[in-house]
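Turn this into a model:
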Amino acid sequence: MTVGVGLSDFKVDLAVGPPGKPPVLAILLDGPEWAERRTTNDRDGLPTTVLQHIMGWPMVMRIWLPSWLFSRDDVVATVCERAEIASRLPRHVGERRVSTGYAAAAPPQDGQPLAGAGPQGGAGAQGGAGPQDGQPLAAARPNSAPTPAASPESYSPFIPRQEGGLSVLDGVKRRSPRHAAAVQDVMRRIVTEEGPLSEARLFLLTAQCFGMTRPSVYRVRDMAAIIPSDLRRDPEERFVWPDERDPLRWSGFRTWEGVLKERPLEEIPLRELANALVAIARSAMGIDLDELLKQTLTVFNGTRLTEVPRRRLMAALQVAQDRGQLNVSGDIVTATDG
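Numbering: from 1, shown residues only. As a prediction, the model looks like this:
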């Protein structure tokens, strides 16, 4: 069981699933957030509609404070029963049917107290026991920000080292096989250490290894002519990829401690940005589009979602949609099993 799932206006108070399976039952409580909704439809109708038909939850259940106070054992039994039923139902996202295999939050370690075993602002505030020992429910602590389904990898920028003088690059211009091979060897090492990276950055780092601060246009043209073809595997843009990261299969993304200016979004492949969007959306189980963009920008150490980063992130979002990994319905983004 997970508490406080989602980053959209319609959060799930409790997310429950059978033992060893992802959450499939969304539970709403009559807490303060419920009471603040102005109309009956906002309180009772719209949340269920959004959760089931837009966010794709197989089943939505409400728990009222009086029921919890006077017959909590029956409530727990009903929750367990409905979670089992919901685990066998498909998720409906828009017009698509997908399985219920989205990521669940990690369960607590042994010895941690259960978080939010009772309805918040209602039964949970009254004390008393939650599910009894032996019943198939486990709790996890809520987080204020999403935790990606897979931990990000560490980004390590390549540090240029002197590998030769300008004469090597001059040899590339003269089409010397020996000099071309030396430059290609440096390119491969750069891509292995830092890739994926843009071709523009590859040319910059390569030139710095041969005594240049910044390559001229004709030097870039010379280096572009000898990039090993197996490094050019990006289906969207001019990025080069190492052997261990297949752009068609890699689902990770990389973070570091540096500022966004030192590693701007334009220097991060659309596929890598898309992977981060998917991980955050999957963790949130339904998230507002702007919130998703902001959270993703924060992951890469950005602070302000201005037009330039928004345009880049929206392009990455389109990549994720084209790959069948994200579904956008209105302003709500959900991760699929694609």
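
Could you verify my assumption that Ser87 touches Gly20?
No. Taking Cβ atoms under 8 Å as the definition, Ser87 is not a contact partner of Gly20, at 10.3 Å. Backbone N, C-alpha and C define where each C-beta goes, glycine included.

which one of those two has more residues nearby?
Ser87 (18 against 9; other Cβ atoms under 10 Å).

show me the contacts for the closest residue to Leu326 other than its chain neighbours.
Nearest non-adjacent residue to Leu326, counting by Cβ to Cβ, 6 or more residues apart in numbering: Ala320, 4.2 Å away. Taking Cβ atoms under 8 Å, 6 or more residues apart in numbering, we find Ala320 in contact with 274, 277-278, 326.

same deal with Arg263?
So Arg263 contacts 155, 157, 256, 300-301 (Cβ under 8 Å, 6+ apart).

at 7 Å what do you get?
The contact partners of Arg263, by Cβ atoms under 7 Å, 6 or more residues apart in numbering, come to 155, 256.

what about it, distance to Arg254?
Using Cβ to Cβ, to the nearest Å, Arg263 is found at 9 Å from Arg254.

phi, psi of the residue nearest to Ile268 when sequence neighbours are not counted?
With Cβ to Cβ, 6+ apart as the criterion, Ile268 has its nearest non-adjacent residue at 6.7 Å, and that residue is Phe300. Dihedral angles of Phe300 (phi, psi; degrees, to the nearest 10) stand at phi -100, psi 20.

ditto for Thr306
Torsion angles, degrees, to the nearest 10, at Thr306: phi -90, psi -180.

Is there a neighbour count for it? I'd like the number.
10.

Report the beta-bridge partner residues of Ile332.
Beta bridges link Ile332 to Asp288, Ser329, judged by DSSP bridges.

right, and it touches Asp290 too?
No. At 11.0 Å, Ile332 does not count as touching Asp290 under the criterion of Cβ atoms under 7 Å.

Inside strands: which ones of the contacts of Ala320?
Members of the contacts of Ala320 lying in strands (criterion: DSSP state E): Leu326.

Adding distance to Leu65 as columns, could you present the contacts of Ala320 in a markdown table?
Putting the contacts of Ala320 into a markdown table (distance: Cβ to Cβ, whole Å) gives the following:
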| residue | distance to Leu65 |
| --- | --- |
| Ala274 | 42 |
| Leu277 | 37 |
| Val278 | 37 |
| Leu326 | 36 |
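
which element is the residue nearest to Leu326 on?
helix 307-322 (DSSP states H and E).

Report the buried residues of that helix.
By 16 or more other Cβ atoms under 10 Å, the buried positions in helix 307-322 come out as 309-310, 312-313, 316-317, 319-321.

Please read off the pLDDT at Leu65 from the model.
You'll see Leu65 listed with a pLDDT of 76.

Surely it and Asp30 touch.
Yes. Counting by Cβ under 7 Å, Asp30 is a contact partner of Leu65 at 5.6 Å.

more neighbours, those two?
Counted by other Cβ under 10 Å, Leu65 and Asp30 do not tie: Asp30 has more neighbours, with 22 against 18.

Could you chop the chain up by domain?
2-126, 153-240, 254-335 (automatic domain parsing).

Which elements pack onto whatever helix or strand Val191 lives in?
Assigned by DSSP H and E, Val191 belongs to helix 177-194. Under the contact criterion of 3 or more Cβ pairs under 7 Å, 6 or more residues apart in numbering; DSSP states H and E, helix 177-194 touches helix 166-173, helix 199-208.

Of those, which is nearest Ala284?
helix 199-208 (31.5 Å; Cβ to Cβ).

Just the C-alphas of the following helix or strand past that closest one, formatted as CSV.
Note on helix 199-208: by DSSP H and E, the next helix or strand toward the C-terminus is helix 217-224. Extracted in CSV, the C-alpha atoms of helix 217-224 (Å, rounded to 0.1, in the frame of the first residue of the first chain):
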residue,chain,number,x,y,z
VAL,A,217,34.1,25.2,-39.2
TYR,A,218,36.5,23.4,-41.6
ARG,A,219,38.0,21.4,-38.7
VAL,A,220,34.5,20.3,-37.8
ARG,A,221,33.9,19.3,-41.4
ASP,A,222,37.1,17.2,-41.4
MET,A,223,36.2,15.4,-38.2
ALA,A,224,32.6,14.9,-39.2
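
show me where the protein has strands.
Going by DSSP E, the chain shows strands at 2-5, 12-16, 25-29, 59-63, 91-93, 96-98, 153-154, 197-198, 239-240, 254-255, 287-288, 326-329, 332-335.

Could I get these in CSV, plus columns for mean neighbour count and distance to Val220?
CSV is the format used below for the strands of the chain (neighbours: other Cβ atoms under 10 Å; distance: least, Cβ to Cβ, whole Å):
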stretch, mean neighbour count, distance to Val220
strand 2-5, 22, 48
strand 12-16, 25, 51
strand 25-29, 25, 53
strand 59-63, 19, 56
strand 91-93, 20, 44
strand 96-98, 14, 44
strand 153-154, 12, 29
strand 197-198, 20, 12
strand 239-240, 25, 14
strand 254-255, 18, 25
strand 287-288, 22, 40
strand 326-329, 20, 35
strand 332-335, 26, 38
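
Now do the contacts for the residue nearest to Leu313 when sequence neighbours are not counted.
Ranked by Cβ to Cβ, 6+ apart and with sequence neighbours excluded, the top spatial neighbour of Leu313 is Leu293, at 4.9 Å. Leu293 makes contact with 305, 310, 313, according to Cβ under 7 Å, 6+ apart.
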